[in-house]
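Asker: Just to be clear, the model below is a prediction. Sequence and coordinates:
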Amino acid sequence: MAETAASGSGMPQLDVSTFSNQIFWLIVTLVVLYYVMSRVALPRIAAVLADRRGTITSDIAAAEEYKLKAQQAEEAYNKALAEARAEAGRIVDAAKAEMQAELDVQIAKADAEIAAKAAESERRIREIRDSAMEMVSDVSKDVTTDILDVFGAKADKRSVTAAVNARLKGDA
Amino acid sequence: MAGENGGLEIRPMDQFEVKALFGGDVSWYTPTNVTLWMALTVVAASALMIYGARGRALVPSRAQSAAEMTYGFIYNMVKDVAGHDAVRFFPHVFTLFMFVLFANLLGLIPFAFTTTSHIAVTAVLAFTVFLSVTALGFILNGTKFLGLFWVSSAPLALRPVLALIELISYFARPISHSIRLAGAMMAGHAVAKVFAGFAGALGAAFFVPVLAVTALYALELLVAVIQAYVFTILTCVYLKDALHPSH
């Protein structure tokens, strides 16, 4: 390096006479820059970065907590929903059973009424038939007596009745 | 370097001259353009790291974000390359990075003076790193630091040879460390100046060198940042060797 320095003023970099000046000002600059950076700039930025990291960490923790709460709320909601469904099912069953019982009672009552009415009707039908039969036998007796009268045959009441009755019984 | 047609002269090295700001000779304490541009470097670095980050907002502004990313970038570099116990040297490494980065970037302003293009500056930086790291290696590890040169995984017969090579490469570190930065900065600026000079000489075809300078400028911007990065990461590598000398 020494020989090239001697050889030329072509390169100002090799002009040894300016070296002391450059080195002096470089050292001053580096010392100033070091103090500015290490005492002011870097601690501030480090503090900001630490602050941000702390905020992010606590925010994530808070978000985690909220998520947990949301999950719990969902679980509670689902539980309440299931309970409500079960309750509703129970109420429906109870209502059904009640209605069924009511219905059974009504049906039994209705059946009894129907049976009573049917018995009544049957009884009346029988009465009507009996009276009809009586009338038929009366008319038959009268007609028979009249016919016998017309033919001039004397018929006593007793034998006509017996004959008509026998005849009606045979037909019926 | 003199042009053929009359008064044209391209002097690509003039931009590197150290001049006294207020005239007179340059002695060691004279305020020079070196002083000015180094002061501007401190101002620019402080502007980004202090003024840019002044809001201290939880959600950063763009300038604050840039300051934080620079911080994180160098912090992670120190941690990943040199290890967790190197973090206490983070302010030193960060100062180095900010100085080199902003000196390189400010040097790209037209008519600016690039302090890092001077071998005197980069050599002081590199030897500061070299001497501090070597001293640190001996203070922390004692004579075990010499294990750095004694490759215990190699066959015994080869070890003295390897030790010699390791020793030479170790002492070559500050030289390559400093010349790499100064050379890259000087070459780029000199080439830009030469192309700019062509623009005047070519007349109607001036746009060719103008386009070339534009492209070169983009490249130089990349080089400025990459050289700052390289300088810093090499510092971290050397720091790692001092903290953990075993191979």
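Answerer: Perfect, I can see it now. All values derive from a computational prediction rather than experimental measurement.
Asker: Show the average pLDDT along the helix of greatest length in chain B.
Answerer: In chain B, with assignment by DSSP state H, the single longest helix is helix B:159-201. Mean pLDDT, helix B:159-201: 90.
Asker: just stretch A:92-107 next, same as before
Answerer: Mean pLDDT, stretch A:92-107: 96.
Asker: So residue B:228 sits against residue B:106, correct?
Answerer: No. In this structure residue B:228 lies outside contact range of residue B:106 using Cβ atoms under 8 Å: 11.8 Å. For glycine as for every other residue, the C-beta is placed from the backbone atoms N, C-alpha and C.
Asker: in chain B, which spans are helices?
Answerer: Along chain B, the segments classed as helices by DSSP H run B:33-46, B:62-77, B:90-106, B:119-141, B:159-201, B:207-243.
Asker: Grab the most central residue of chain A for me.
Answerer: In chain A, the residue lying closest to the centroid (Cα atoms, centre = their mean) is residue A:85, at 6.1 Å.
Asker: Go ahead and list the helix or strand containing that residue.
Answerer: Using DSSP states H and E, residue A:85 falls within helix A:42-151.
Asker: could you say what helices and strands that helix packs with?
Answerer: Under the contact criterion of 3 or more Cβ pairs under 8 Å, 6 or more residues apart in numbering or on different chains; DSSP states H and E, helix A:42-151 touches helix A:157-171, helix B:62-77, helix B:90-106.
Asker: and residue A:68, which of those is closest to it?
Answerer: The closest of these to residue A:68 is helix B:62-77. By Cβ to Cβ, the value is 32.6 Å.
Asker: and the direction of that closest one versus that of helix B:90-106, what angle?
Answerer: Calculated by axes from the mean of the first three to the mean of the last three Cα atoms, to 10 degrees, helix B:62-77 forms an angle of 120 degrees with helix B:90-106.
Asker: for helix B:62-77, packing partners?
Answerer: Applying 3+ Cβ pairs under 8 Å, 6+ apart, one finds that helix B:62-77 contacts helix A:42-151, helix B:90-106, helix B:207-243.
Asker: Throw those into JSON lines and include distance to residue B:120, thanks.
Answerer: Converted to JSON lines, the helices and strands packed on helix B:62-77 look like this (distance: least, Cβ to Cβ, whole Å):
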{"stretch": "helix A:42-151", "distance to residue B:120": "28"}
{"stretch": "helix B:90-106", "distance to residue B:120": "13"}
{"stretch": "helix B:207-243", "distance to residue B:120": "16"}
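Asker: Residue A:24 is nearest to which of these?
Answerer: Residue A:24 lies closest to helix B:90-106 among the helices and strands packed on helix B:62-77, at 15.4 Å (Cβ to Cβ).
Asker: which other helices and strands contact the helix or strand of chain B with the lowest mean pLDDT?
Answerer: Every helix and strand of chain B was ranked by mean pLDDT, DSSP states H and E. The lowest is helix B:159-201, at a mean of 90. The elements that helix B:159-201 packs onto, with contact taken as 3+ Cβ pairs under 8 Å, 6+ apart, are helix B:119-141, helix B:207-243.
Asker: Those helices: which one's closest to chain A?
Answerer: With distances scored as Cβ to the nearest Cβ, the stretch of the helices and strands packed on helix B:159-201 nearest to chain A is helix B:119-141 (4.5 Å).
Asker: Please save the CA atoms from the closest one in PDB.
Answerer: Extracted in PDB, the C-alpha atoms of helix B:119-141 (Å, rounded to 0.1, in the frame of the first residue of the first chain):
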ATOM      1  CA  ILE B 119      -9.800   3.000   2.800                       C
ATOM      2  CA  ALA B 120      -8.700   5.000   5.900                       C
ATOM      3  CA  VAL B 121     -12.300   5.000   7.100                       C
ATOM      4  CA  THR B 122     -13.100   1.300   6.300                       C
ATOM      5  CA  ALA B 123      -9.700   0.200   7.700                       C
ATOM      6  CA  VAL B 124     -10.400   1.900  11.000                       C
ATOM      7  CA  LEU B 125     -13.800   0.200  11.100                       C
ATOM      8  CA  ALA B 126     -12.400  -3.200  10.200                       C
ATOM      9  CA  PHE B 127      -9.400  -3.000  12.500                       C
ATOM     10  CA  THR B 128     -11.700  -1.800  15.300                       C
ATOM     11  CA  VAL B 129     -13.700  -4.900  14.800                       C
ATOM     12  CA  PHE B 130     -10.700  -7.100  14.400                       C
ATOM     13  CA  LEU B 131      -8.900  -5.800  17.500                       C
ATOM     14  CA  SER B 132     -12.000  -5.800  19.700                       C
ATOM     15  CA  VAL B 133     -13.000  -9.300  18.600                       C
ATOM     16  CA  THR B 134      -9.500 -10.700  19.200                       C
ATOM     17  CA  ALA B 135      -9.200  -9.000  22.600                       C
ATOM     18  CA  LEU B 136     -12.700 -10.300  23.500                       C
ATOM     19  CA  GLY B 137     -11.700 -13.800  22.400                       C
ATOM     20  CA  PHE B 138      -8.700 -13.800  24.700                       C
ATOM     21  CA  ILE B 139     -10.600 -12.200  27.600                       C
ATOM     22  CA  LEU B 140     -13.500 -14.600  27.500                       C
ATOM     23  CA  ASN B 141     -11.700 -17.800  26.500                       C
END
